[in-house]
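[1] Sequence below, structure please.
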Amino acid sequence: MESQADKEKKFTSLMEKGIMYFLYILFGGLFVFITSTEGWNEAVLLLPIAAITLPLTKWGMKWQNERYIRSAKNQDDLEVVLKRVQDLESRISKLEEK
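    Have a look, this model is predicted:
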């Protein structure tokens, strides 16, 4: 059985890849479009914006995804504790019946 943390890790990595590919295509397309219209000054302006935006976006997504994965792991741990408590309750009720 797949844990909630594993499912969350797969989903967040898929979303991270999709968003980053979109941003790479977006900035690459903008750069190609601007340079094809003979606007090198604007293209030079786009490079530092992309150089700051892409790593910050990637870092922010990784940080947020790690929080989601930790939260899902906590949910998995709570399910284990709940099962253990239910087992203890059933054992206590059996002992009370004796």
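
[2] can you list contacts of stretch 76-96?
    Contact with stretch 76-96 is made by 3-5, as judged by Cβ atoms under 8 Å, 6 or more residues apart in numbering. (Glycine included, C-beta is placed from N, CA and C.)

[3] Check stretch 23-31 too.
    43, 46-47, 50, 53-54, 57.

[4] Narrow the contacts of stretch 76-96 to those in helices?
    With helices identified by DSSP state H, the entries of the contacts of stretch 76-96 that belong to them are 4-5.

[5] what would the contacts of stretch 76-96 look like in a markdown table with pLDDT and neighbour count?
    As requested, these are exported to a markdown table (pLDDT from 0 to 100; neighbours: other Cβ atoms under 10 Å):
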| residue | pLDDT | neighbour count |
| --- | --- | --- |
| Ser3 | 82 | 15 |
| Gln4 | 83 | 17 |
| Ala5 | 82 | 18 |
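
[6] possible to save the contacts of stretch 76-96 as TSV with distance to Gly29?
    Putting these into TSV (distance: Cβ to Cβ, whole Å) gives the following:
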residue	distance to Gly29
Ser3	39
Gln4	37
Ala5	36
